[in-house]
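**Student:** I'll drop the sequence and a predicted model, then ask my questions.
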Amino acid sequence: MTREVTESKSSREDGEVPVIGKIPTLPEFRENVMLLRSLVNKCPAIICFRDIDGNLILVNEMFSRLFDLDGDAVIGKKDFEILPAGLLTAVQIHDDVVLKKKKSVHFEQELTIGNEKKLYFCMKFPLHEDGVVYGTACIATDITDRKQDTVVQRRWESVFSNVRIGLAVLDPANNTIELMNPALARMHGYSPEELKDRPISDLFAPDGLKLVGDCLSCAQDHSSSRESMHLRKDGSEFPVLIDITSVTADKGDLLYRIVNVQDITVRKQAEEKLKYQAYHDTLTGLPNRDMFLMYLDLEITQAMRNEYKIAVLYLDIDRFKNVVDSLGHSTGDQLLTETAARLRSCIRQSDTIARIGGDEFAILLSDYQRPEDVVINIREIIAAMNAPFQLGSHEFYITLSFGISMFPEDGKDPATLLKNADNAMFQAKEAGRNSYHFFNALLNKRTVEHLILENSLRKAIERDELLVYYQPQINLATGRIDCLEALVRWKHPDLGLLRPEQFLPIAEENGFIAKIDLWVLQHACAQNKAWQKAGLMHIPVSVNLSARELHDPNLIENISRVLAETGLESTYLEIEITETNAMLDIARAVSNMDKLREMGVGIAIDDFGTGFSSLNYLKKLPIGKIKIDKSFVKGVVSEPGDQAIVSAVIAMGKNLKLYIVAEGVEKKEQLEFLRAKKCDAVQGFLFSEPMPAKRFNTLLSTAA
């Protein structure tokens with residue numbers, strides 16, 4: 001017997017399974033089981049029916065295959081007799097819902113059969129008639145692959161949407177954008193809707209339109225990757241790396257193109273920065289040595305073609321190391337920056353200036369015909385450097401030394417011209433600094449000697465090669481010796497006895513001057529004390545102090561220690577400081593000089609007239625003596641200018657109540673001029689050349 005059951009609205013709302021058609025009673029169901037089995041066996045899903053007591057009354061072949069069971073043998077069995085233990089709990093939970101609430105249940109269930117894990121979508125619903133449930137049915141479908149596809153798809157969609165690289169899919173027929181990720185739209189300043197169906201060529205800058213055609217053409221058979229410039233919506237351009245890949249069907253038909261666009265603005269900026277740093281000095285912004293040589297090479301080519309000369313200037317800051325040693329690298333960097341700015345202002349736009357390294361610069365002067373024209377330019381630079389440098393609270397005066405090489409006379413390639421200009425600069429320094437020198441072949445020999453001296457000077461003290469010579473200062477009023485100047489000499493094992501001007505500039509450059517200063521101070525004080533103990537004259541010994549020592553924070557401590565170790569009273573020590581060194585940092589110089597004066601140590605300004613001091617600065621210095629430089633004394637007999645300078649210095653010193661000493665007196669005429677001008681004392685070969693301590697014993701004994 002069967003009943004006609006139609007779907008009702010109330011049954012749908014109660015969650016019952018809608019039943020359409022004739023539902024057989026349980027006896028009828030069993031009678032027609034053969035017919036039903038033939039139907040469900042053809043279904044690819046897993047199907048089973050149970051009676052109200054939970055006994056299996058029908059399973060299809062997929063069910064039997066899944067659990068590796070004989071279909072007929074499971075009829076009448078309960079779930080716990082055939083199902084895996086892990087599945088029983090889920091089955092019982094769903095059975096309670098289906099049997100008691102008469103509602104269908106949908107759920108996903110993971111099963112592990114053997115070593116294989118599967119995911120099934122299950123639907124379980126009640127079998128009932130007139131509200132009486134007489135069994136349950138369950139249909140399960142394997143959705144493992146579908147689920148994996150969904151997960152992969154979701155992951156891809158997530159990557160596609162969130163990746164920062166712009167991605168697009170093109171219609172191969174007209175290369176319009178069918179699909180794109182948000183990054184592509186955002187990168188170009190559009191909304192996704194604005195880019196949809198837009199030609200990919202609209203994203204390229206005008207200069208890149210040919211490139212997009214080349215990319216699409218190359219991508220017919222394979223991937224094509226190029227750098228290009230793209231356009232934003234606002235018209236601005238930015239660099240990209242674009243990659244276009246063609247996707248084809250098995251038969252070779254073009255399906256679509258995938259475009260990958262990467263904004264490489266940051267990378268390009270980094271490349272430009274690295275390129276700039278590779279060819280520029282980071283402190284001054286000037287070209288570096290490598291770029292200077294490149295410019296010089298190009299200029300040589302032009303000069304050969306147009307038959308003109310070029311000049312290479314190699315220059316550095318005199319006594320720059322003293323500034324760094326005294327005031328630190330930060331002040332040194334400021335000085336280099338200011339120097340670079342002044343040098344820029346002195347050259348033409350067609351010329352090139354570079355920082356070669358440290359305090360060394362090079363200038364390329366193009367299209368010069370005469371050396372005189374180069375000299376004019378150098379004098380302009382020197383004039384620009386004469387003004388003081390105000391760096392923080394410090395005021396500096398600096399000078400430059402120049403070396404000059406000319407093309408084609410002094411070299412026909414960049415490296416040779418630069419090297420020869422460098423060699424010429426050393427000659428300028430040896431001549432007294434603050435000067436210029438043109439290259440000549442003899443300079444190479446001098447440069448080699450310079451290097452030999454620099455290398456061997458470091459071991460001069462430990463090898464006991466240094467000597468102290470002494471030269472007296474003669475008081476013109478009494479005719480007696482009133483001071484001895486200590487002068488260092490170097491007894492070089494190969495080059496013989498060297499004067500200070502032959503090696504002290506090298507010592508200043510390599511930082512060895514501090515050790516020499518301390519060594520001379522120690523020996524001069526010890527020798528003076530020895531003369532006093534021997535009953536000879538008690539007179540001061542004068543020791544020269546370099547700029548590095550003058551500005552050394554440990555200066556007072558070092559001098560105090562030497563005096564204590566030698567037993568010499570401070571009143572018998574005098575410190576000589578050059579005018580230029582005192583002006584390097586007037587504030588710190590005055591501070592240390594005040595402390596020396598408080599100790600009772602005498603202070604003298606050496607080489608007066610050669611530096612940049614003014615009366616305003618001179619009156620601030622706690623000095624008791626000035627020594628007129630020998631370059632002025634030499635001309636007092638024949639040069640009116642020198643006569644005027646020396647006369648003015650003596651008069652000025654007298655007004656400031658300073659003791660005046662003239663250096664380099666070699667002729668009686670010079671002595672008479674100085675005596676007439678009321679100079680206090682003289683020093684020079686007219687009275688005595690510098691001599692070692694042993695020879696000086698006799699002179700002191702006579703003077704005593």
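**Tutor:** Yep, it's here.
**Student:** count of neighbours near Phe687?
**Tutor:** Neighbour count for Phe687, taken as other Cβ atoms under 10 Å: 17. Heads up, the C-betas are built off the backbone N, CA and C, glycines and all.
**Student:** Repeat that for the one 3 residues further on.
**Tutor:** Other residues within reach of Pro690 by the criterion other Cβ under 10 Å amount to 21.
**Student:** Okay, it and Phe608: tell me how far apart.
**Tutor:** According to Cβ to Cβ, to the nearest Å, Pro690 and Phe608 sit 20 Å apart.
**Student:** With Phe292 instead?
**Tutor:** Going from Phe292 to Phe608 by Cβ to Cβ gives 39 Å.
**Student:** Strand partners (parallel or antiparallel) of the helix or strand where Gly403 lies?
**Tutor:** Assigned by DSSP states H and E, Gly403 belongs to strand 400-407. When sheet partners are counted by DSSP bridges, strand 400-407 sits next to strand 309-317 (antiparallel), strand 436-438 (parallel).
**Student:** Would you point to the one among these that's packed deepest?
**Tutor:** Counting by mean count of other Cβ atoms under 10 Å, strand 309-317 has the highest mean neighbour count of the strands paired with strand 400-407, with a mean of 24.
**Student:** Tell me which other helices or strands the helix or strand following that strand touches.
**Tutor:** Next helix or strand after strand 309-317 toward the C-terminus (DSSP H and E): helix 320-327. Under the contact definition 3 or more Cβ pairs under 8 Å, 6 or more residues apart in numbering; DSSP states H and E, helix 320-327 sits against helix 329-345, helix 500-510, helix 547-550, helix 579-584.
**Student:** Tell me which of those helices sits nearest to Phe320.
**Tutor:** Closest of those to Phe320 is helix 329-345, at 6.9 Å (criterion: Cβ to Cβ).
**Student:** what does that closest one rub up against?
**Tutor:** 283-286, 317, 320, 323-324, 353, 355, 359, 361, 363, 381, 384-385, 389, 391-392, 394, 396, 398 (Cβ atoms under 8 Å, 6 or more residues apart in numbering).
**Student:** buried stuff in it?
**Tutor:** Within helix 329-345, the residues that count as buried by 16 or more other Cβ atoms under 10 Å are Thr331, Gly332, Gln334, Leu335, Leu336, Glu338, Thr339, Ala340, Leu343.
**Student:** what does the average pLDDT come to for that helix?
**Tutor:** Per-residue pLDDT over helix 329-345 has a mean of 92.
**Student:** Work out the gap between that helix and the centre of the chain.
**Tutor:** Remark: helix 329-345 is offset 19 Å from the chain centroid, using Cα atoms, centre = their mean, to the nearest Å.
**Student:** Report the angle between the helix or strand that comes right after it and helix 329-345.
**Tutor:** Going down the chain from helix 329-345, the next helix or strand is strand 352-357, by DSSP H and E. For strand 352-357 against helix 329-345, the angle by axes from the mean of the first three to the mean of the last three Cα atoms, to 10 degrees is 160 degrees.
**Student:** which residues does Ser326 contact?
**Tutor:** With contact set as Cβ under 8 Å, 6+ apart, Ser326 has these partners: Ala547, Arg548, Leu550, His551, Asp552, Leu584, Asp585, Arg588.
**Student:** how about the residues you listed in a markdown table, adding neighbour count?
**Tutor:** Listed next are the contacts of Ser326 as a markdown table, based on neighbours: other Cβ atoms under 10 Å:
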| residue | neighbour count |
| --- | --- |
| Ala547 | 24 |
| Arg548 | 23 |
| Leu550 | 23 |
| His551 | 23 |
| Asp552 | 20 |
| Leu584 | 24 |
| Asp585 | 24 |
| Arg588 | 17 |
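**Student:** can you list these in TSV and add distance to Ser236 and pLDDT?
**Tutor:** Below are the contacts of Ser326 laid out as TSV (distance: Cβ to Cβ, whole Å; pLDDT from 0 to 100):
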residue	distance to Ser236	pLDDT
Ala547	55	76
Arg548	55	76
Leu550	58	80
His551	54	77
Asp552	57	81
Leu584	52	69
Asp585	51	70
Arg588	54	78
